[in-house]
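[1] The following block contains a protein sequence and its predicted model.
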Amino acid sequence: MKAEYINPFLESARFVLEQVANVRPTTGQHTIKDIKLSDKYIWIQIGMTGHMQGDIVFGLAESAALKVVSAMMGGFVLDEMNDIGHSAISELSNMISGNASTLLFNQGVKVDITPPVLIAENHSHTFYGKQALAVPLIMDGIGELDIQVLIS
């Protein structure tokens, strides 16, 4: 796996988070790791087809997701991740992936994305035994957005 695959997603995530949540994240350390979908996390999967095939998986601790959603909603505080919160985090992932696919297209890489899917614990078996190129985006005072790229 090459780091070039994740860079458009990092650039896009930084841009989108700054625009919709007024947060300027910093980039953590790139790693290749086994996919482990942790409890108390919100996981969103977006598929890719075209020149790059695979999945992008976004992960946020529930506490970080609540803070991001609240920022996206202009400061309206959510006490728990409900349908509105899940929808907002799914849309955030969709915006990041859509923007990244445009960046990739501008580099000559044609990629289509699938709609975001909230990964339930009972569907996490899909990722067991797979490795991803992963990097956290660190949002001061909020937490981390974990971006994992699985290219076939």
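    Nice, I can see it.
[2] Could you point out the helix or strand that follows the least confident helix or strand in the chain by mean pLDDT?
    In the chain, no helix or strand scores lower on mean pLDDT, DSSP states H and E than strand 31-34, which sits at a mean of 82. Next along the chain after strand 31-34, taking DSSP states H and E as the criterion, comes strand 41-50.
[3] ok, residues contacting stretch 88-99?
    9, 12-13, 15-17, 20-21, 42, 44, 46, 56, 58, 60, 65, 68-69, 72-73, 81, 113, 115-118 (Cβ atoms under 8 Å, 6 or more residues apart in numbering). (C-beta placed from N, C-alpha, C; glycine too.)
[4] Narrow those residues to those in strands?
    42, 44, 46, 56, 58, 60, 113, 117, 118 (DSSP state E).
[5] so is residue 93 in a helix, a strand, or just coil?
    Classification of residue 93 by DSSP: H, G, I helix; E, B strand; the rest coil places it in helix.
[6] measure it to residue 102 for me?
    From residue 93 over to residue 102 the distance is 15 Å, taken as Cβ to Cβ, to the nearest Å.
[7] Same check on residue 89?
    Computed with Cβ to Cβ, the distance linking residue 89 and residue 102 is 21 Å.
[8] So which of those two has more stuff around it?
    Comparing residue 89 with residue 102 by other Cβ atoms under 10 Å, the one with more neighbours is residue 89, at 26 against 13.
[9] mind listing what's buried in stretch 13-32?
    Within stretch 13-32, the residues scored as buried using 16 or more other Cβ atoms under 10 Å are 13, 14, 16, 17, 20, 21, 23, 25, 27, 28.
[10] how about TSV for those residues, with pLDDT added?
    TSV is the format used below for these (pLDDT from 0 to 100):
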residue	pLDDT
13	94
14	94
16	95
17	94
20	91
21	89
23	89
25	94
27	92
28	91
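[11] farthest pair in those?
    In the buried residues of stretch 13-32, two members sit farther apart than any others by Cβ to Cβ. They are 20 and 28, at 20.6 Å.
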